[in-house]
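K.L.:
Test case, fold it:
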Amino acid sequence: NLRLKMPASNSSVSIHQFFLDRLLGGEALAPVDKIYIELDVLTSLICNSDPFQKTGDRQGFDQVGLGDVERRQEAISVVEEYQKLMVVGKPGAGKTTFLKSLAVECIQPEPTSLFPDLVPLFVTLRDFAKAARKTQSWDLVDYLAGVLVRWKVCDRATAEEILDQGRSLILLDAMDEVSFEDLEAVIDAVRELADSPNRLIVTCRTQSHPDPEEFGGFIYVKVADFTSAQVDQYVENCFNTVDSGSQASLIPKLQEQLCATENKRIAELTTTPILLNLICLVFQDEQGNLPQKPFQLYKKGVRILLERLKRKPIDERLTKSAKEKFLADLALMLFEKNDYFPEERTLTEFIETYFEVEGDIAIDFLRAFETETGLLIERFSGVWSFSHLTLHEYFTALKIFKFSGKDPRPEIDKRLEQHVVYERWHEVLRLLGNLIDDQPSIAEQKYDEH
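P.N.:
Numbering: from 1, shown residues only. Next up is the predicted model:
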């Protein structure tokens, strides 16, 4: 009975497209309901400070701040069960895609769609903070009503009625991307909105989330790693949807190769959508074959990611080779210090010296590498890392091999002597053996001897 400004046609399809245009930008983002596959969530968030530094194992790197596991459920069932959710997860886990898929699911023409009686509202908290700073109004209900009006979904009175009566599924994305100076005001605004009868879901990176004690009534959940079945489903959706079926024959080949023993290291990267998508891109680029060795995947994948930085040219010195060398130098410096999660100041000071730039420009450099390549990421407020331990190890090995002079063997010999007894260096040393294309047997033989 709401006075929504629907299209003239009464067809479900036109209504569906109408909301896609308003919610997610139309055709550009419409495939989100095709490519998305259901994520599991883990309930009972109990944060660990830094299990990787305590244990040094590879799993610990990806479990920093993720807490303990109580039980695992399908995400949709959790959404249906709880009125207020705080969804946390590591970068690239699929939090934003999850919210967008919920919005699309709400407006499906089928009568069995999720919450068919609710109006979905997807907004980023960064955009809200930007608008609130201009208007000096931190009222989220007022902001959301304005969004409905700007989208030309309804008039102001109807928008307020929707929100007052709890007729909306409100999806607030990326609390972690709100600036520090605005964060307290945004948290207060979300808490106030939580008193409304609307369904509310907020996403945030792990360890950037507010204290659960400050958010009474919210159930905290986190995005889980993909299962093997979800990996298979993602691969099918990726090639069938993104490539319009033209690469469908590659699906069983990739699934089979990911299960092969020799590809175990590569398969470890499939637990999050962002890295699994990279594997799909490389696999397609290689015309249906995973590289024979993991380092070849990293090499080609890094090339693809560094190419993306061209979309945001911030300095003419950032050529492809310069970007690669910078990441290699940074990786070795951090690895030697056993610092996998450096503070932002550590990185900006390194960039200032490395590129001879001022502090603000150094931060721009850092953010560009995060948003355009995903190779460096802010794990939580003010703390960074490489997006995956394997990538940190790869760039460390690349520095020793490629940027240590014309003949890297003396440097490799020194590293073998110094570090072979330390388990955390073993993968770096294995990668070094692979990187010596012209004489691989020398490094591999030395490693075996040690």
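K.L.:
Please state the offset of stretch 228-237 from the chain centre?
P.N.:
Stretch 228-237 sits 18 Å away from the centroid of its parent chain (C-alpha atoms, centre = their mean, to the nearest Å).
K.L.:
Oops, could you answer that again for stretch 304-311 instead?
P.N.:
17 Å.
K.L.:
got the residue ranges for the helices in the stretch 51-200 of the chain?
P.N.:
51-55, 58-62, 75-81, 95-106, 125-135, 140-150, 156-164, 180-193 (DSSP state H, counting those that start in this stretch).
K.L.:
Mean neighbour count, mean pLDDT and distance to residue 361 added to these, as CSV?
P.N.:
No exception for glycine: its C-beta is placed from N, CA and C like everyone else's. Converted to CSV, the helices of the stretch 51-200 of the chain look like this (neighbours: other C-beta atoms under 10 Å; pLDDT from 0 to 100; distance: least, C-beta to C-beta, whole Å):
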stretch, mean neighbour count, mean pLDDT, distance to residue 361
helix 51-55, 15, 51, 31
helix 58-62, 16, 56, 30
helix 75-81, 15, 90, 40
helix 95-106, 22, 88, 28
helix 125-135, 16, 94, 21
helix 140-150, 19, 95, 32
helix 156-164, 18, 95, 42
helix 180-193, 16, 93, 20
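K.L.:
top helix in this structure by residue count?
P.N.:
Using DSSP state H to define each element, the chain has its longest helix at helix 320-336.
K.L.:
Of all the helices of the stretch 51-200 of the chain, which one comes closest to residue 320?
P.N.:
Residue 320 sits nearest to helix 58-62 of all these, at 27.0 Å, using C-beta to C-beta.
K.L.:
Turn the helices of the stretch 51-200 of the chain into JSON lines, including distance to residue 350.
P.N.:
Below are the helices of the stretch 51-200 of the chain laid out as JSON lines (distance: least, C-beta to C-beta, whole Å):
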{"stretch": "helix 51-55", "distance to residue 350": "20"}
{"stretch": "helix 58-62", "distance to residue 350": "21"}
{"stretch": "helix 75-81", "distance to residue 350": "38"}
{"stretch": "helix 95-106", "distance to residue 350": "29"}
{"stretch": "helix 125-135", "distance to residue 350": "26"}
{"stretch": "helix 140-150", "distance to residue 350": "38"}
{"stretch": "helix 156-164", "distance to residue 350": "47"}
{"stretch": "helix 180-193", "distance to residue 350": "21"}
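K.L.:
Over to residue 289: give its phi and psi.
P.N.:
The phi and psi values for residue 289, taken as degrees, to the nearest 10, are phi -140, psi 130.
K.L.:
Nearest to residue 264, out of the helices of the stretch 51-200 of the chain?
P.N.:
Among the helices of the stretch 51-200 of the chain, helix 58-62 comes nearest to residue 264, with 11.7 Å by C-beta to C-beta.
K.L.:
who wins for proximity to residue 276 among the helices of the stretch 51-200 of the chain?
P.N.:
Residue 276 lies closest to helix 95-106 among those, at 12.3 Å (C-beta to C-beta).
K.L.:
on that earlier part again, pull out the buried positions in the longest helix of the chain.
P.N.:
Neighbour-count burial for helix 320-336 flags 323-335 (criterion: 16 or more other C-beta atoms under 10 Å).
K.L.:
Please write out the alpha-carbon positions of stretch 212-230 in CSV.
P.N.:
Written as CSV, here are the backbone C-alpha positions of stretch 212-230 (Å, rounded to 0.1, in the frame of the first residue of the first chain):
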residue,chain,number,x,y,z
PRO,A,212,29.9,-5.5,20.9
GLU,A,213,29.1,-4.1,24.3
GLU,A,214,28.4,-0.7,22.7
PHE,A,215,26.0,-2.3,20.2
GLY,A,216,23.3,-4.0,22.3
GLY,A,217,20.9,-6.0,20.2
PHE,A,218,23.3,-6.7,17.4
ILE,A,219,24.4,-10.2,16.7
TYR,A,220,28.0,-10.3,15.6
VAL,A,221,28.9,-12.8,12.8
LYS,A,222,31.9,-13.1,10.5
VAL,A,223,32.3,-14.2,6.9
ALA,A,224,33.8,-17.7,6.7
ASP,A,225,36.3,-19.0,4.2
PHE,A,226,34.9,-20.8,1.1
THR,A,227,34.3,-24.5,1.3
SER,A,228,35.4,-26.7,-1.6
ALA,A,229,31.8,-26.9,-2.8
GLN,A,230,31.5,-23.1,-2.8
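K.L.:
List the residue ranges of the stretch 151-300 of the chain that fall below the pLDDT cut-off.
P.N.:
207-209, 241-247 (pLDDT under 70).
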